[in-house]
Structures are given as structure tokens and as C-alpha cells.
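Colleague: Based on what follows, work out the 3D shape:
(chains A and B)
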Protein chains: 2
Amino acid sequence: MKEKALNSPGFEIDPDLVITLDHGDPLMFEPFWKEVGHNATVTISGWEKMSYYACDTDDICWFLEPDFANEVLRLHRIVNNAATNGCHIIPGVGSTQLIHATLHALASIEARHPVNVVSAAPYYSMYSDINSMKSALYHWAGDAATFKGDDNFIEIVCSPNNPDGMIRHAVLSNNAGKRVHDMAYYWPHYTPMRGPADHDIMLFTLSKATGHAGTRIGWALIKDTDVAREMVNYITLNTNGVSRDSQVRAARILKVISDGYEFPNSNGAGQFFHIGRHLLADRWRRLRQAMEVLGKFSLPRFSTEFCEFFKEQAQTYPGFAWLRSEDESINDCGDFFKRINVLIRSGRLFGAGPNYVRINLMGSDAYFDGFIKRITSFG
Amino acid sequence: MKEKALNSPGFEIDPDLVITLDHGDPLMFEPFWKEVGHNATVTISGWEKMSYYACDTDDICWFLEPDFANEVLRLHRIVNNAATNGCHIIPGVGSTQLIHATLHALASIEARHPVNVVSAAPYYSMYSDINSMKSALYHWAGDAATFKGDDNFIEIVCSPNNPDGMIRHAVLSNNAGKRVHDMAYYWPHYTPMRGPADHDIMLFTLSKATGHAGTRIGWALIKDTDVAREMVNYITLNTNGVSRDSQVRAARILKVISDGYEFPNSNGAGQFFHIGRHLLADRWRRLRQAMEVLGKFSLPRFSTEFCEFFKEQAQTYPGFAWLRSEDESINDCGDFFKRINVLIRSGRLFGAGPNYVRINLMGSDAYFDGFIKRITSFG
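Modeller: Down below sits the predicted model:
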């Protein structure tokens, strides 16, 4: 399926085609970037960015593009979603690499191995996959809520949480343990801004902030210099830096969003988070309606909160829908969606039961529309 | 030190400045790409390449850009340096990630862990660094020539070899062991082409083929489908794919080189490998001259071979100079070069003695010129 067709107005997918909603491909933002047009275009000459080194070799992070760092700081300042003062910025090949880099760094500093990595269920399925990396330094130890070990742990706190969109705080109270805050979804289109997050280790990613998943750029905000150095060591060893041209593109994309707020009308498409929230609100409205007609699943409910970015009471519109079966005849939600040719991710992978499923709401218009149509015709 | 200045005509570095020749930054090719001009420029719109997926999700490698794959195959066909028939192409975040992906894949298939990773000394210093990844699947076991284990090994064969430029063959004859061929330098500017290499696992990298180190793109040619799948699994887990925009840029760069041979005069700069060989030949001539005057170090000697690409007898011009001390008063070459403010990489890191050093010959004009000047004034 060609990705372009999936967002073309009026394009409908074949009723027999599999609708892929099992991963978080954020194609819903593509039409916004089409509207933006040439303002978001990046141009790199053949002789630019050839060196391994993006900045002064004496800097802690030798592969950080200064323009990218500036645009990251600028957007956080505008959105006010993270305290960046005194933080080191470490770019990564997506937040995926940054999770490995963080665990490697924290576990390298710890004397006892393997360090237990935990996260409260339901947790992002990727966290439990870290065992496949076969690191001798750390291993996945499951749900933080049932962890019985001592202080030899790293708790990953994903907030808002993937898969269920809830605001999360660390579950383990032992202060000697270490914490990683995965903030991929702490942006105003998904959730009300409750002021700047201020943690030792915070991870962000372009894919969920702007929709550019194919660019493989994330960033970490790190307070402790030793942790930052160890992360740089890991990324040096693992990939010998992070593509400079991808950082240049990421800087351009972030700039367009910031310009949209600091210089209104600077592009033809409007303000990204406003439009993103509008699109997600519309999808959630249609989803709740369709699920009500179907009468087999329940969706999380979120209370309205004051959003310090939009300066008003605001709703939560997560990028994923976390469905629970309320129909006794459906023990395995995966089977149900398989029957209507929709690919979802089973609750099992998130440390929950098969009576839960995660559905991507950030996909293309054609996939979302097709999904709603199939649900509705089933009901 | 700003990278632009380093290749400006007539620019001279301060006599007190440290000359950095310890890593293989390939800035010597920058002037060629400046000459090429807009033909090598890549332009990516904000709405392009947003999806994680670069091709059909049913393909073995879901993150491979088709244009990049086509240009890789085309350049190998033109240069005739690798048998690509029936190979899977796996892109990586530089060949650095591909080395980890390959070792992970081969060791995953093996039942006994850790698998011993070996390479004949002098070996590329990065190979011995793999222990810092703390994998439970494999570990560095040193010089292949002195390896005493059974068939539970992976031999990395780097040919032409980093650091010494020699053509290499596997040292361990046990056919049950596994082999990885690192072919980063098997291109006509560095060494005569002896026909297409034909191994199960071959690794290439943009940084050494074209000089674009900052783009972090390498590629593997893999015969065995299971190995290819395991590598894709590793890269999925490690970085969730490889930047699509970097692959687009790499495709553009490779295209310019191929066009230069298939459509002469297609750019204003000429033919890349011809010009690259000319530049390297000139550096080697000046280096040999300066070293003769200095009278303290010897350089490797290479026999002339018939190059099937240039269709003539050709010399070898490695990207690194591998120096051996011939002066009894110099036991540690590193100390000698430190005194003249030149940063090199000690032979110790390559499994050789401190009487060896590796010097980058692919650096900027200013660094190379400054190096020759310091050597000559010392002599």
C-alpha cells in the first residue's frame, strides 16, 4: 500500500484489505505538512555535513548539531513542557536508541548486574523487548507494581502512558533506584500541559511530536554529566553518532512549528498543536461514537484539565486507543479484530490480558476511516 | 576548528594547533563535492518519508529505501567490486551498527554463548571495543592468528585492512566458524580492483566510499535469508529502522558517482574514483618523501596489481598510513607525535605494539599539509 494514497482525500481502502493499526505510524500529520509546503523543505548540498563531528570535539556530545539543539530548546520554551535548564541534550536514532543508551549508561554506573528494568503495567511493549538485546548489564523484570527486589532497578515511567494515555508517576518509592521518564507523548495535541516536567532523564522523539517517524531522531534531556557521557559513549560505540542530515531535517521541522507560534501566519497551514488536537479530537469523537454503537468494548475516560499551553480547560486525546472487552463472549480481542481484518496489538504485549488491545489512532485517514466503517457496519 | 576552513585553498593551521589524525574523518573528498555543486544536493519536503516504513511491510527489510537499494546495486555493477546476485541489502546506521547487527545475528543462530569474535592483528580498533557493548551473546577474543578455540568463532576479515591496507583472507580454516567481511575500503581509489568479492556477509559504508561520514549510512550484502532476518530484527530493536532521509541522501550521492561513469561530463567535477585516486596518490607521494627525510619510520610497501576498474597496473593508496618505528630511541610512537602536536592512534589499540601508529590520510587539506610541514621541519 503506497503511503501517499492513504491520505488522499476521498481515497477508500478495499473492504477486504487488512487495516494495519498495530504500530504507531503517525501518518495523520502528513496533510498538515503538505499544507505547510516549501517552508518545511530541507536542502543539503553534497559537500555539507561530511565530517563525523557535528560540533566542537571538546563538547560532551560530539555528534549534536547546534541548530538541532537550538530548535529543541526553543520548542520546549514555547510549549513549556520540560525544564531544560542545565540539561545536556543527547540526540539519538529515535527514542528507541535512547532507551538502550539510557539503560546501558545507568547500568554501567551500577556495580551489580544485571540491573532490573521495570515499568508499571500496562507498559509500552518495546520495554519488555529489551531482553532480545541480550545485554549482560540489565534485563527486563516486568511490572513495576509487583517488583519485589531491592534498589537495584531502573523504572521506566512513560507519561502520558503508552498504551493507555494516563499521566504516570514513578511507582517504586525507593529513592536509591533509578528512573527514566519517557515523555514521547507529553505534547499539547495529546494531553493538557500541566507545566514543565522536571526529571533527571527525559526522552522525546520527533515521530510522536511532529509525525516524522522515518527520520529516526529523538532527544534526551539529561541532568547528570556522568550519565550524559555514558550515553554518548554508548551511541559512539553503537552507531558512531547520529545522522547529521537527519538532525538538520529535524531542526527544520521543529522550526516550522515554533515559527507558527512566534510568527503567526508564517506558513499556510496554521499552528501545529492546535490542528493536531483538532484532528485527534475528531477521531476520538468518532471512535467513542462507533464503540458505543458496537457495545462490546470500553475506552478510558479522562477528566478535563487546565492546559497551560492552550490556556483553557482541555481534554486528553491519546495517540492510541486502549480498548477493554466488556463482552463476555470476547475473551481474546485480537481474534475479534482479526475477523474484521484489522491488525491491532494485543494487551498481552503490554503486560495486560488478551481482553485488552491497543489501536493506533495516529494512522492515515484511509486506515482510520476504514476502521470506523468496519466497526460501524459490524454493530 | 570549523570544518569549512580546513579545506579552504591556502588556509594554514597555526603551528601550535593540535593536528587531529587519530580517526578516519574523510574530509579530503569535500572539495570534490563542492565542485559537483547542485547535482549532489538533496531536497526533502516536510511531508515526505514520514512513515517508519520505507517499502512494503512484507519485504524482509521493511526500512530499506528502494532508491537507495537501486543505487547501491548500480554502483557495485559499475565498479564490479562485489557479487550482489541474490543478496539481501540491509542498510545500517553506518557500518558500525552493521557490525553489531551481524555479530548479534550470527551469535543468535549459534547455541553456545558467548561466541568468540576474532580478527587477525593488526585489526581495526573498533572490533576490540565490542566488549563495551556488554553483549551476553559474543565477546572479543583477540588476534585470529593466535585463537586456540574450536569452531565457536566469528572471524572479521577486513580487506583491504584497516589499519595497514593489506588484502586479507580468512586466517582460521575451520569451515564451521563464521566470517564477516568488512569491505569498507574495497573501492578503486584505495586499492586495485581484483574482481567482485563474493562472501556470505559483506559490509560497506558511505563514509569511506564517498566521504559522507556524517550521514551514518552503511549497507550489508547478505546471502543467507535467516541471517538477513536476524539483522533486521536487531536493527528494529536497536533503532527501529534507519533514517529514510539519510538513505535518500546516500542514494543521491551514489547516483552522482555512477552518473559520472555512465554519463561522462554529467557533473562539473569529473569522475570520483579517478580524482580520489589522484588525491591519495599525491598524499602518499608526499608522505613517503617526508618520511624518508625524517628517517625514523617505515611505511608498508605494496606491489603493483592490475586494476580491473582502471584497466591498468595500479598502486595501492590506503586511507591510513601504518607507521612502524625504525629508530631505537622511539619505543612509543605516540610520544613522538605528541611532541609535535599530532594526534594519532597508537598501534596498541590495533593489537600491535606501541612501535606502530595509524595516521589518517583522508583528513582535510589543512591537516594533511600541516602534518607534512611538521614532519619535514623536524627532519
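
Colleague: care to break chain A down by domain?
Modeller: As recorded under automatic domain parsing, the domains making up chain A are A:3-35+A:271-378, A:66-262.

Colleague: hey, which of these is tucked in deepest?
Modeller: Each of these was scored by mean neighbour count; the highest is domain A:66-262, a mean of 21, by mean count of other C-beta atoms under 10 Å in any protein chain shown. Any C-beta I mention is one placed from the backbone N, CA and C, and that applies to glycine too.

Colleague: middle-most residue in chain A, spatially?
Modeller: A:Ala184 (3.6 Å; C-alpha atoms, centre = their mean).

Colleague: now that residue, what's its secondary structure?
Modeller: Following DSSP: H, G, I helix; E, B strand; the rest coil, the label given to A:Ala184 is coil.

Colleague: Now it. Nearest residue, chain neighbours left out?
Modeller: Of all residues not flanking A:Ala184 in the chain, A:Lys208 sits nearest, at 4.5 Å (C-beta to C-beta, 6 or more residues apart in numbering or on different chains).

Colleague: and the next element down the chain from the helix ranked longest in chain A?
Modeller: In chain A, assigned by DSSP state H, the helix with the most residues is helix A:272-294. Using DSSP states H and E, the helix or strand that follows helix A:272-294 in sequence is strand A:297-298.

Colleague: Spell out which parts of the stretch 201-350 of chain A neighbour chain B.
Modeller: Residues of the stretch 201-350 of chain A lying close to chain B by C-beta under 8 Å from any C-beta of the partner chain are A:207, A:211-217, A:233, A:237-246, A:249, A:252-253, A:256.

Colleague: List the ones among the residues you listed that fall in strands.
Modeller: With DSSP state E as the criterion, strands contain none of those.

Colleague: can you tell me which of those are in helices?
Modeller: A:207, A:233, A:237-239, A:244-246, A:249, A:252-253, A:256.

Colleague: How far off centre is the longest helix of chain A?
Modeller: Centre-to-centre, helix A:272-294 and its host chain are 18 Å apart (C-alpha atoms, centre = their mean, to the nearest Å).

Colleague: Summarise which helices and strands that helix is packed against.
Modeller: Using 3 or more C-beta pairs under 8 Å, 6 or more residues apart in numbering or on different chains; DSSP states H and E, the elements in contact with helix A:272-294 are helix A:30-36, helix A:244-262, helix A:365-378.

Colleague: Let me know the angle separating it from helix A:244-262.
Modeller: Taking axes from the mean of the first three to the mean of the last three C-alpha atoms, to 10 degrees, one finds helix A:272-294 and helix A:244-262 inclined to each other by 90 degrees.

Colleague: hang on, the earlier thing: which one of the helices and strands packed on helix A:272-294 has the poorest average confidence?
Modeller: Ranked by mean pLDDT, the helices and strands packed on helix A:272-294 bottom out at helix A:365-378, with a mean of 92.

Colleague: Residue in the stretch 251-379 of chain A with the shortest distance to chain B?
Modeller: Closest contact between the stretch 251-379 of chain A and chain B, by C-beta to the nearest C-beta, is at A:Ile253 (6.3 Å).

Colleague: what's that residue in contact with, if anything?
Modeller: Residues in contact with A:Ile253 (C-beta atoms under 8 Å, 6 or more residues apart in numbering or on different chains) are A:40, A:206, A:210, A:212, A:215, B:46.

Colleague: how about a cut-off of 10 Å?
Modeller: By C-beta atoms under 10 Å, 6 or more residues apart in numbering or on different chains, the contact set of A:Ile253 is A:33, A:36, A:40, A:42, A:71, A:75, A:206, A:209-212, A:215, A:217, A:272, B:46, B:50.

Colleague: right, and the secondary structure at A:Phe11 would be what?
Modeller: coil.

Colleague: ok, now how distant is it from chain B?
Modeller: According to C-beta to the nearest C-beta, to the nearest Å, A:Phe11 stands 16 Å off from chain B.

Colleague: Test my guess that that residue contacts A:Ala5.
Modeller: Yes. Shown here, A:Phe11 and A:Ala5 form a contact pair, counting by C-beta atoms under 10 Å, at 5.4 Å.

Colleague: Now for the two: what residues contact both?
Modeller: A:364, A:366.

Colleague: Let me see the contact set for the residue nearest to A:Gly46 when sequence neighbours are not counted.
Modeller: Distance criterion C-beta to C-beta, 6+ apart; nearest residue to A:Gly46, sequence neighbours excluded, is B:Ala40 at 2.5 Å. Neighbour list for B:Ala40: A:44-48, B:32-34, B:210, B:212, B:249, B:252-253, B:255-257, B:267, B:269 [criterion: C-beta under 10 Å, 6+ apart].

Colleague: can you check A:Ala269 too?
Modeller: Contacts of A:Ala269 (C-beta under 10 Å, 6+ apart): A:31-37, A:39-40, A:256, A:260, A:275, B:46.

Colleague: what residues are up against the nearest residue to A:Ala54 once chain neighbours are set aside?
Modeller: Counting by C-beta to C-beta, 6+ apart, A:Ala54 lies nearest to A:Glu65, which is 4.7 Å off, once chain neighbours are set aside. By C-beta under 10 Å, 6+ apart, the contact set of A:Glu65 is A:49, A:54-55, A:71, A:91, A:217, A:242-248, A:250-251, B:214.

Colleague: Stretch A:54-66: end-to-end distance?
Modeller: With C-alpha to C-alpha, to the nearest Å as the measure, the ends of stretch A:54-66 fall 8 Å from one another.

Colleague: Check the offset of that stretch from the chain's centre.
Modeller: Remark: stretch A:54-66 is offset 25 Å from the chain centroid, using C-alpha atoms, centre = their mean.

Colleague: for chain A, which spans come out with low pLDDT?
Modeller: Applying pLDDT under 70 to chain A flags the ranges A:1-4, A:379.

Colleague: got the residues of the stretch 51-200 of chain A near chain B?
Modeller: Proximity of the stretch 51-200 of chain A to chain B, by C-beta under 10 Å from any C-beta of the partner chain, involves residues A:51-54, A:56-57, A:63, A:65, A:92-98, A:100, A:104, A:107-108, A:113-114, A:126, A:129-139.
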